[in-house]
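**Q** pasting the structure only:
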């Protein structure tokens with residue numbers, strides 16, 4: 001019996017060690033690259049840009065944030081707001097701005113009880129109405145961090161670049177939920193930006209994303225993913241972007257900040273909607289995205305079991321401390337790069353629980369259709 005117990009504990013130790021190796025690989029190869037990536041030498045350009053914002057019942061956010069987009073320090077650009085079936089004061093707010101900003105254009109989608117649609121339809125309307133080759137996307141509840149946002153994001157476009165991935169963070173507020181939302185946002189950014197740097201772009205965020213209009217239409221728009229409730233940002237990138245045609249932008253002046261969810265239920269619905277796209281990713285990307293949270297769960301579970309039985313505890317603690325030090329180093333460096341101060345402690349705590357929370361939400365999507373009623 002003792003021999004069986006020792007063998008089982010040795011297997012658990014091997015799982016623990018293997019999980020730690022995988023985790024260290026992600027931190028040092030993908031995540032650390034976000035910090036190590038130097039600002040790309042870019043040629044400032046004045047190429048015309050079309051900014052596209054989809055809005056449904058966003059009157060207050062348009063009132064607060066749209067001026068920051070309309071008052072960018074850039075020579076030639078248009079702002080297209082797709083007012084999608086809004087039932088609030090959005091039309092009045094936009095009408096007021098129309099008289100102040102000649103480069104603002106509005107496309108209105110009227111409500112039709114016989115025709116329901118997701119955000120992709122509104123996005124398509126905006127793209128169709130655009131005049132320029134370079135498209136820059138954000139949301140109605142977002143504001144650029146500076147008036148150099150357009151300049152920084154579009155400076156990467158050359159004859160080889162079709163996509164530019166930017167960082168879209170959330171506004172800092174009080175409360176534990178806000179800390180979790182910001183931590184979740186930052187860790188996701190570490191993944192998609194780090195993987196893009198390593199030549200494996202798999203997604204972008206619609207809060208801060210740019211690509212070519214010609215690329216959108218040459219690939220038949222949202223194509224085979226048009227029926228998916230979400231994915232107006234990430235699935236196009238996942239399908240078309242490559243390591244050679246994709247660039248990343250980190251400078252603080254190019255960041256955007258969004259209004260976070262105010263309640264837990266609201267955040268759950270938003271997260272469920274975002275996770276509906278995961279099954280449509282490339283097989284390679286699914287493996288890379290599943291491997292990290294899976295090994296994290298295995299790492300913490302096996303660590304607890306090994307400590308309970310005090311099995312090879314000096315080695316177990318050494319491996320745990322090595323990973324912890326690596327985490328602290330990488331989290332601290334990346335939070336500075338993405339300007340997310342005050343999150344280090346919460347990142348370490350949420351690291352334990354977030355893969356379980358995300359897994360539960362993802363599995364609930366397979367049993368519920370509630371996420372399909374959400375526009376954003």
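**A** Great, that's in hand. Owing to the predicted nature of the structure, the values given are computational and were not obtained by experimental measurement.

**Q** hang on, residue 361 packs against residue 267?
**A** No: judged on CB atoms under 8 Å, residue 361 makes no contact with residue 267 at a distance of 9.7 Å. For the C-beta atoms, the positions are set from N, CA and C on the backbone; glycine is no exception.

**Q** tell me the contacts of residue 172?
**A** By CB atoms under 8 Å, 6 or more residues apart in numbering, residue 172 lies in contact with 178, 182, 342.

**Q** hang on, the last one is in a helix, isn't it?
**A** No: residue state for residue 342 (DSSP: H, G, I helix; E, B strand; the rest coil) corresponds to coil; a helix is not indicated.

**Q** now the contacts of residue 172 as CSV including neighbour count, pLDDT and distance to residue 212?
**A** Below are those laid out as CSV (neighbours: other CB atoms under 10 Å; pLDDT from 0 to 100; distance: CB to CB, whole Å):
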residue, neighbour count, pLDDT, distance to residue 212
178, 18, 96, 35
182, 24, 96, 31
342, 10, 93, 37
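
**Q** dump those to JSON lines, plus distance to residue 28.
**A** Shown next, in JSON lines, are these (distance: CB to CB, whole Å):
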{"residue": "178", "distance to residue 28": "29"}
{"residue": "182", "distance to residue 28": "23"}
{"residue": "342", "distance to residue 28": "24"}
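
**Q** what about the helices in this structure?
**A** With DSSP state H applied, the chain shows helices at 2-25, 32-36, 59-70, 90-100, 119-129, 149-154, 176-197, 213-218, 234-240, 264-275, 283-308, 313-337, 344-365, listed in chain order.

**Q** please state the offset of the first one from the chain centre?
**A** Taking CA atoms, centre = their mean, to the nearest Å, one finds the center of helix 2-25 at 33 Å from the center of the full chain.

**Q** stretch 241-261 now?
**A** How far stretch 241-261 lies from its chain's middle: 9 Å, per CA atoms, centre = their mean.

**Q** what does stretch 350-357 give?
**A** Using CA atoms, centre = their mean, the distance from the centre of stretch 350-357 to the centre of the chain it belongs to is 17 Å.

**Q** what bridges to residue 105?
**A** residue 80 (DSSP bridges).

**Q** neighbours around it, how many?
**A** If you count neighbours by other CB atoms under 10 Å, residue 105 ends up with 18.

**Q** hang on, it packs against residue 80?
**A** Yes: at 4.9 Å, residue 105 counts as touching residue 80 under the criterion of CB under 8 Å.

**Q** now do the shared contacts for those two.
**A** residue 129.

**Q** quick one, domains of the protein?
**A** 2-36+284-342, 49-277 (automatic domain parsing).

**Q** can you list the helices of the chain in TSV and add distance to residue 136?
**A** Shown next, in TSV, are the helices of the chain (distance: least, CB to CB, whole Å):
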stretch	distance to residue 136
helix 2-25	34
helix 32-36	21
helix 59-70	9
helix 90-100	18
helix 119-129	11
helix 149-154	6
helix 176-197	17
helix 213-218	11
helix 234-240	14
helix 264-275	21
helix 283-308	24
helix 313-337	22
helix 344-365	29
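
**Q** residue 48 is nearest to which of these?
**A** Shortest separation from residue 48 across those is recorded for helix 149-154, at 9.5 Å, computed as CB to CB.

**Q** now do that closest one: which elements does it pack against?
**A** If you count contacts as 3 or more CB pairs under 8 Å, 6 or more residues apart in numbering; DSSP states H and E, helix 149-154 packs onto strand 49-55, strand 134-139.

**Q** change it to 7 Å
**A** Contacts defined by 3 or more CB pairs under 7 Å, 6 or more residues apart in numbering; DSSP states H and E place helix 149-154 against strand 134-139.

**Q** using JSON lines, please lay out the domains of the chain together with distance to residue 351.
**A** Formatted as JSON lines, the domains of the chain follow (distance: least, CB to CB, whole Å):
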{"stretch": "domain 2-36+284-342", "distance to residue 351": "7"}
{"stretch": "domain 49-277", "distance to residue 351": "8"}
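
**Q** which of these is buried the deepest?
**A** Highest mean neighbour count of these: domain 49-277, a mean of 19 (counted as mean count of other CB atoms under 10 Å).
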